[in-house]
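Q: sequence and computational prediction follow.
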Amino acid sequence: MEQAKSKLWTKDFTIVSVANFFLYLVFYLLLVTMSVYAVEQFRVSESQAGLVTGIFVIGTLIGRLVIGRLITTIGNKKMLYFGLIFFILMSLFYFVDAGITFFLITRLLHGIALGAASTATGTIVAEVIPEHRKGEGIGYYSMSITLATAIGPFIGLYMSSHMDYQVIFIFCLALAIISFIISLFAKIPVVKNPIKTASAPRKKKIKLSDFMEPKALPIGLVLIILSVGYASVLSFINFYAIEINQVQAASLFFIVYAVAILISRPFTGRLLDLKGANWVMYPAFILFGAGLLLLSTAQSSISLLVAGVLMGLGYGNMQSTTQAIAVKMAAPHRVGLATSTYYIAMDAGIGFGPYVLGIIIPSTGYSNLYLIMGIMVLATTMLYYFLHGKKEHAISEPMEAVEIKSHSH
């Protein structure tokens, strides 16, 4: 019984992770292709084309804020099916050619659908993973997103240069439908909410804790800053590669980034469970910061790709570790909101970061931008220490006690 309980790669875990991978594959595939599509199809300005990308992330944020709240009342299963069906419907809207306004609305609603569906997948996964393998399990699950960040842009850029946009839309629709069909085969756990007593005062005022998990906010703040650092790479690496004449190497950047995560994740996941988050986070700060500093001085394909490896080992592992921290901080019935809070922080950094950085680039240039980002990431180590790191030991101890107890049975 105990052995069955501690199994990580269950059918449900695999199905939810694969469904999530397809959703994010669509997201990243469209992320790199839709701004160019908007310029070609609707002849919009570059800033409007940027909005085509940004409005999707804003939609995702709205989806998470609203859905993160609803998931505790309507349940994981209904939320997952609703999110996936909504995602399929919005994928169909891409075939309707009704002008840029309609297209922007489609992108916004599509983002809301992703926010709903991925909050459900993240919450379900946190519940099907055995307690003492939380860090390792979430690490593997978040690889579904990591792989999508590498494969999505790669497929998107290939398809947009070799095929019609209609083929891209059909491909995305097919991935959305597959996601929904396979999710029907997953057994989704029902989480019981604490029983409300009659004497409990009725809630009337809307509070922040209805939308977010306050205990996940400190690590969320750290994640926002780290994600701005990563957004500088996601959004501007191609422009920088043109400037330093390394365009070919740049196309491989996210592949080596993903490979570094794939190789390191089994070790960092176990390290997280056995020793605590600090053992992963502090080295990851140094690796991510070093990767950005190396990128700022990169003049050859080797240094560019080594920077990709360092960032994969750094930010790639921070993504999963901060998610594990957010989940561990929350009470079991608030795991959904903690997951939602984590994604809101990441989306805020990646979604709004490029707008802020775009303002400073004309005065700094790309090389100095990465220098500033590297220093910012290294300085964030202090913030992490004060907001979470120094309390980590106290948080880990009860977890270890639970683990020892469960092993003794």
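A: Great, that's in hand. Numbering: from 1, shown residues only.

Q: okay, buried residues for the helix or strand hosting W279 please.
A: For W279, the host element (DSSP states H and E) is helix 278-297. Buried residues in helix 278-297, defined by neighbour count with 16 or more other CB atoms under 10 Å: 278-281, 284-285, 287-296. For glycine as for every other residue, the C-beta is placed from the backbone atoms N, C-alpha and C.

Q: which pLDDT value belongs to the nearest residue to V222 once chain neighbours are set aside?
A: In space, V222 comes closest to Y384 once its chain neighbours are excluded; the distance is 5.0 Å by CB to CB, 6 or more residues apart in numbering. Per-residue pLDDT puts Y384 at 97.

Q: can you count the residues close to Y384?
A: Y384 has 27 neighbours, counted by other CB atoms under 10 Å.

Q: that one is in what secondary structure piece?
A: In this assignment (DSSP H and E), Y384 forms part of helix 335-387.

Q: and that helix, how far from the chain's centre?
A: For helix 335-387, the separation from the chain centroid amounts to 14 Å (computed by CA atoms, centre = their mean, to the nearest Å).

Q: what is that helix packed up against?
A: When contacts are defined as 3 or more CB pairs under 8 Å, 6 or more residues apart in numbering; DSSP states H and E, helix 335-387 sits against helix 46-74, helix 99-128, helix 217-243, helix 278-297, helix 317-329.

Q: could you dump the ones you listed into JSON lines and include mean pLDDT and distance to G308?
A: As requested, the helices and strands packed on helix 335-387 are exported to JSON lines (pLDDT from 0 to 100; distance: least, CB to CB, whole Å):
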{"stretch": "helix 46-74", "mean pLDDT": "80", "distance to G308": "22"}
{"stretch": "helix 99-128", "mean pLDDT": "93", "distance to G308": "25"}
{"stretch": "helix 217-243", "mean pLDDT": "89", "distance to G308": "9"}
{"stretch": "helix 278-297", "mean pLDDT": "97", "distance to G308": "7"}
{"stretch": "helix 317-329", "mean pLDDT": "91", "distance to G308": "14"}
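
Q: looking at the ones you listed, which one is packed in the most?
A: Burial of the helices and strands packed on helix 335-387 is given as mean neighbour count (mean count of other CB atoms under 10 Å); helix 317-329 ranks first at a mean of 27.

Q: residues touching that helix, excluding its own?
A: Contacts to helix 317-329, defined as CB atoms under 8 Å, 6 or more residues apart in numbering, come from residues 122, 126, 134-135, 138-139, 141-143, 145-146, 213, 215-216, 219-220, 222-223, 226, 261, 264-265, 268-269, 272, 277, 280-281, 284-285, 288, 335, 338-339, 341-342, 346, 388, 395, 399.

Q: contacts for the helix holding W279, please.
A: Contacts of helix 278-297 (CB under 8 Å, 6+ apart): 226, 229, 232-233, 240, 268, 271-272, 303-304, 306-311, 313-315, 317-318, 321-322, 367-371, 373-375, 377-378, 380-381, 384, 389, 392-393.
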